[in-house]
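**Q** what follows is a predicted structure for the sequence shown.
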Amino acid sequence: PGRFNAILSEFLDGLTAPPTRGVSLREIGQENWEDVVKLELEEAQLSFMEPNAVSLAESRFHPWMLPLAIYNDDEVVGFVMFSQWPDPREGNYWVHRFMIDRRHQGKGYGTAAMRELLRLFTTRYPACQTLWIGYDARNTPAQQFYARLGFVEQGEAPWGGDLCAKIELKG
């Protein structure tokens, strides 16, 4: 039943979602950092993730973390930050942050952006065979979203409190 529901949900999302051919991941620089900082989550999601400004600051002190803006055509609609080489604290590649602005959720941008990220990993980071993601245990929509994309839950994250999942990448 769970697999059926995931397939049905993905199918239905595709019926109502606008075309996402324009979804891309782009570097964050002087021209777009403020747009990234202004992205917002729904009120009920605020406790699930650090603000993007904090993530950008964190990336300055942890050089293995690469923050990118998620665009649909020329509009910033989300944010992702990931390990561009294994996290020196425990040796895995991680998606540290992933969010779509509250005004753009449910439009297919998250799915398209995550697929773009997985494609990026298989082309730019061939040494990465497994990609990990952590999420708040109370965030059921995120858990279901990552499962639909092929991430397999692994239980509690190494830092405790959150859940984590992984996906095996094929080079």
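**A** Okay, I see it.

**Q** helix, strand, or coil at R103?
**A** Counting by DSSP: H, G, I helix; E, B strand; the rest coil, the backbone at R103 sits in helix.

**Q** now L118
**A** The three-state label given to L118 by three-state DSSP is helix.

**Q** who's in contact with it?
**A** Shown in contact with L118 (Cβ atoms under 8 Å, 6 or more residues apart in numbering): L131, L149, I167, L169. All C-beta spots, glycine's among them, are computed from the backbone N, C-alpha and C.

**Q** so what pLDDT did it get?
**A** Note on L118: pLDDT of 96.

**Q** same check, this time on A157
**A** For A157, the model assigns a pLDDT of 85.

**Q** my guess is it contacts L163. True?
**A** Yes - contact status for A157 versus L163: in contact at 6.4 Å, counting by Cβ atoms under 8 Å.

**Q** give me the number of residues near Q143?
**A** Q143 has 17 neighbours, counted by other Cβ atoms under 10 Å.

**Q** could you list the buried residues of the host helix or strand of it?
**A** Under the criterion of DSSP states H and E, Q143 resides in helix 140-148. Buried residues in helix 140-148, counted by 16 or more other Cβ atoms under 10 Å: A142, Q143, F145, Y146, R148.

**Q** can you put those residues in CSV and add pLDDT?
**A** Formatted as CSV, these follow (pLDDT from 0 to 100):
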residue, pLDDT
A142, 92
Q143, 93
F145, 94
Y146, 95
R148, 94
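
**Q** need the overlap of contacts for A157 and L163.
**A** Contacts common to A157 and L163, judged by Cβ under 8 Å, 6+ apart, are G134.

**Q** so Q154, which of the three states?
**A** Under three-state DSSP, the three-state class of Q154 is strand.

**Q** circling back to that earlier point, quick check: the farthest pair among the buried residues of helix 140-148?
**A** With distance counted by Cβ to Cβ, no two of the buried residues of helix 140-148 lie farther apart than A142 and R148, which are 10.8 Å apart.

**Q** now do the helices in this protein.
**A** With DSSP state H as the criterion, the chain has helices at 2-16, 33-38, 52-61, 109-124, 140-148.
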